[in-house]
Every structure is written in structure tokens, then in C-alpha cells.
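Chemist: below: sequence and its predicted model.
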Amino acid sequence: MTDTTDAAGFDAADDSGPDDADELATAQAVLAHVVASLVDDPDAVRIHVGEGRYLPRLTVRVGPSDMGRVIGKRGRVAQAIRTVVRAAAVRDGTDVEVEFED
């Protein structure tokens, strides 16, 4: 299987249309920067753009040893990341869901 992500960890072979990735550029950049700043292995950060139930979804994957750092105690870090990324998505003129996967 080939890796389809670019240097920033954005998934180039996603199942959404090209407009979704363009309309979420600021939110993706903020998410990539915040998550990469928190983890020990920033090269393992992957962000996939897809469709959620009602909104575009940004799915974040990190290395197995970094998931605890991204989630935080009682999910507080994850919720803070979601809040910041939703605020950045306002600049893109949209709203977004942020999910974290193992």
C-alpha cells in the first residue's frame, strides 16, 4: 500500500470531493499544527477529509503511543482541539467535525 499523504500529513486520496479539501484548508492546517505540536512523533500524524453525518469530517490518526496525549484526561485536550479547529473553520465559512482514531 502506498502512502498518499503530503508532508503536512493531509490525505490526498480521500473519498470527498476536491471542494471539501479546499473549503477546509484553514481548519486542516490548524488541526495539523496543533496535533503535531502535542505528539512525540509528528511524522505519524495523518488527517483524512471525509463526509460526516451532517458536516465535513476531519479524522486524525496519530502513533499508538501518542493517542493519550491527544485525548488528554477525560477528553479535555481532544475537546479543546475540536473547539480551536471549529473556530478556524469559521474562517473557511463552514463547520466541521473532528474525530480521533486509533
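Modeler: Cool, the structure landed.
Chemist: when you work out contacts or count neighbours from here on, use the C-alpha atoms and nothing else.
Modeler: Fine.
Chemist: how about residues contacting the longest helix along the chain?
Modeler: Determined from DSSP state H, the single longest helix within the chain is helix 76-92. Here helix 76-92 makes contact (Cα atoms under 8 Å, 6 or more residues apart in numbering) with 23-28, 30-31, 34, 69-72, 95-98.
Chemist: list the buried residues in stretch 94-102.
Modeler: 95, 96, 97, 98 (16 or more other Cα atoms under 10 Å).
Chemist: next, give phi and psi for the second one.
Modeler: Read it as residue 96. phi -150, psi 150 (degrees, to the nearest 10).
Chemist: confidence score at it?
Modeler: Looking at residue 96, its pLDDT stands at 95.
Chemist: distance of it from residue 45?
Modeler: Residue 96 sits 19 Å away from residue 45, taking Cα to Cα, to the nearest Å as the criterion.
Chemist: where in this structure is pLDDT low?
Modeler: 1-21 (pLDDT under 70).
Chemist: got the CA coordinates for stretch 30-44 in CSV?
Modeler: Output in CSV follows, covering the C-alpha atoms of stretch 30-44 (Å, rounded to 0.1, in the frame of the first residue of the first chain):
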residue,chain,number,x,y,z
VAL,A,30,-4.7,24.4,12.3
LEU,A,31,-5.5,20.8,13.2
ALA,A,32,-2.2,19.6,11.7
HIS,A,33,-0.2,22.2,13.6
VAL,A,34,-1.9,21.7,16.9
VAL,A,35,-1.8,17.9,16.9
ALA,A,36,1.8,17.8,15.6
SER,A,37,2.8,20.1,18.4
LEU,A,38,1.4,17.8,21.0
VAL,A,39,2.8,14.4,19.9
ASP,A,40,6.2,12.8,20.1
ASP,A,41,6.1,11.6,16.5
PRO,A,42,4.7,14.4,14.3
ASP,A,43,5.6,12.4,11.2
ALA,A,44,2.9,9.8,12.2
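Chemist: buried ones in it?
Modeler: 30, 31, 32, 35, 36, 39, 42.
Chemist: got the contact list for the closest residue to the fourth one other than its chain neighbours?
Modeler: Nearest residue to residue 35, sequence neighbours excluded (Cα to Cα, 6 or more residues apart in numbering): residue 70, at 6.9 Å. Residues in contact with residue 70, defined by Cα under 8 Å, 6+ apart, are 35, 38, 39, 77, 78.
Chemist: I am finished for the moment; much appreciated.
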